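Peer 1: here you go, sequence then predicted model.
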Amino acid sequence: MGDELFDQNAAETTEIIGEVNGAVSETAENYGVPAEAPAETPAYEAPAFETPAYEAPVYENPAVPDFAPAPAETGNILNAGAEVLREIKARVLELDELKVRVSDLAEKQQQLDKDISAKQKSMDGEISSTLTKRRAEVEKSFDETIEQTRGRIKNVKAKRDKFKGTKVDERVSAETAELNEQIRGLKQDVRGIYSREHISRLFNNNYFFTMYMPDGLGDFLIILLSVVILLALPFGVYTFLPETAKKPLVLVAIYAGVIVLALLIFTLIFKFVKEKHAEALKQAKLLRDKIERIKKRIGKMEKSIRKDKDESQYGLEKYDEELSGLELELDDIINRKKQALSEFENTAKRDITEEIKARYAEELDRMKSENEAAYKQQAEAESKIKTLSVDISSKYETYLGKENLSVPMLDSLLDIIDKGNAKNVAEAITYYKNNLTGTV
């Protein structure tokens, strides 16, 4: 029974070796590499032992003699032993560590990119806010002085205008004094007529003469307006009456009463004042018309005086000199403000920017250097990964298969050989498939 089991295992091993050699040849052809002619593998014969019958190994870690690894000259990893598996494991571990390092370096670069961007944004924000603040401070200092100077100019102009107004009034009074004296004399004559004729002063007004002695378009317009008011007055009175008293007859009665009263007053004044003192009122009317004509002359003279551009006679030199000085002072301040802002833009702005950048430069340079170093390290690691991956793939993957090149799988195969359950890689794989599949 033991000999049959051993022969069966040997036959399976020979079959696996043949399949792997075929895979190697096919892979070499795919990559354009001339494949070495596989050495003819003789039919595996079980080694002759002194004991006539072979006892099948017990797989509970029995003590068995060490098997020597396959000779290096064969070039077939499947015939190799534990040392080759350890070499493969070391290279796979190195590859995994390189991949982890590449991932860590990529993450580090990503974080550094964010930190650099944030620091750059912070620096730009500080530059912008500082420049805005400093420029505003420069402008504010000059603007306050400018506003103060403009306020002084405004006050001096107000004093000048007031002084000029007084002088103009004095000039108007002086140049119209004779006409005003004539008006006073004519008014005195009108009052004398009213006094001699015993006419009440209530009738010495423009409205009386407009209603009873109209002589122009303006007088007739005033009469028309008076009639309209007279007609509207009854309705206004009616509006304020209680609701119980608001009846059409009441409104008619109010209209009748107002009209009768107005006509009565008008008639009485006409009869006892207008007709009775017609000649005296005519003389008074002539005097009043003369007064109005003189007033119009005075108005024209005053208008001409106030429009006169010649201010030399008003004594405004003191104010003009002060205003001239203030205007020059204002222009000087405005020019100095422009110069200060120009210097700020051309010099101070650059200096402030450089000063702020200098404070950030050390940290930014450090982060950029770290980022560049991480990039180079990542590139080097990726290059090593590429080289190592190609090396592992070309040397081991075609023999072992990609699924057997993980660290857990290699540990399992090493454990099988170290425990004496197999003497080479091929037997370890066979043992694993037959006994340990699904445990890794």
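Peer 2: Yes, it's here.
Peer 1: I'd say residue 269 and residue 207 touch.
Peer 2: No - using Cβ atoms under 8 Å, residue 269 is not in contact with residue 207; the gap is 11.4 Å. In this view, the C-beta of every residue, glycine as well, is placed from N, C-alpha and C.
Peer 1: which of these two has more residues huddled nearby?
Peer 2: Set residue 269 next to residue 207 and count neighbours by other Cβ atoms under 10 Å: residue 269 wins out with 16 against 11.
Peer 1: how about the contacts made by that one?
Peer 2: By Cβ atoms under 8 Å, 6 or more residues apart in numbering, the contact set of residue 269 is 203, 212.
Peer 1: how much space is there between it and residue 199?
Peer 2: 11 Å (Cβ to Cβ, to the nearest Å).
Peer 1: and residue 429, by the same measure?
Peer 2: From residue 429 across to residue 199, the span is 149 Å (Cβ to Cβ).
Peer 1: between the two, which is the more surrounded one?
Peer 2: The neighbour comparison of residue 429 against residue 199 (other Cβ under 10 Å) goes to residue 429, with 23 against 17.
Peer 1: which stretch of helix or strand covers the more buried one?
Peer 2: Using DSSP states H and E, residue 429 sits in helix 425-431.
Peer 1: how about residue 161?
Peer 2: Under the criterion of DSSP H and E, residue 161 resides in helix 82-175.
Peer 1: and the next helix-or-strand element following that helix, what does it pack onto?
Peer 2: As assigned by DSSP H and E, the chain's next helix or strand after helix 82-175 is helix 177-196. Helices and strands touching helix 177-196, by 3 or more Cβ pairs under 8 Å, 6 or more residues apart in numbering; DSSP states H and E, are helix 278-307.
Peer 1: the helix it packs on - contacts with which helices or strands?
Peer 2: helix 82-175, helix 177-196, helix 206-212.
Peer 1: tell me the pLDDT of residue 16.
Peer 2: Note for residue 16: predicted pLDDT of 41.
Peer 1: same thing with the one 3 residues further on?
Peer 2: Looking at residue 19, its pLDDT stands at 45.
Peer 1: tell me where the stretch 251-400 of the chain has helices.
Peer 2: Counting by DSSP state H, counting those that start in this stretch, residue ranges of the helices within the stretch 251-400 of the chain are 278-307, 317-343, 349-392, 398-400.
Peer 1: which stretch among these is buried most, on average?
Peer 2: Comparing the helices of the stretch 251-400 of the chain by mean neighbour count (mean count of other Cβ atoms under 10 Å), helix 398-400 comes out on top with a mean of 21.
Peer 1: centre of the chain versus it, how much separation?
Peer 2: Mean-position distance between helix 398-400 and its chain equals 63 Å (Cα atoms, centre = their mean, to the nearest Å).
Peer 1: tell me the angle the helix or strand following that helix makes with helix 82-175.
Peer 2: Next helix or strand after helix 398-400 toward the C-terminus (DSSP H and E): helix 407-418. On the basis of axes from the mean of the first three to the mean of the last three Cα atoms, to 10 degrees, helix 407-418 is oriented at 160 degrees to helix 82-175.
Peer 1: tell me which other helices or strands helix 407-418 touches.
Peer 2: Counting by 3+ Cβ pairs under 8 Å, 6+ apart, helix 407-418 packs on helix 82-175, helix 425-431.
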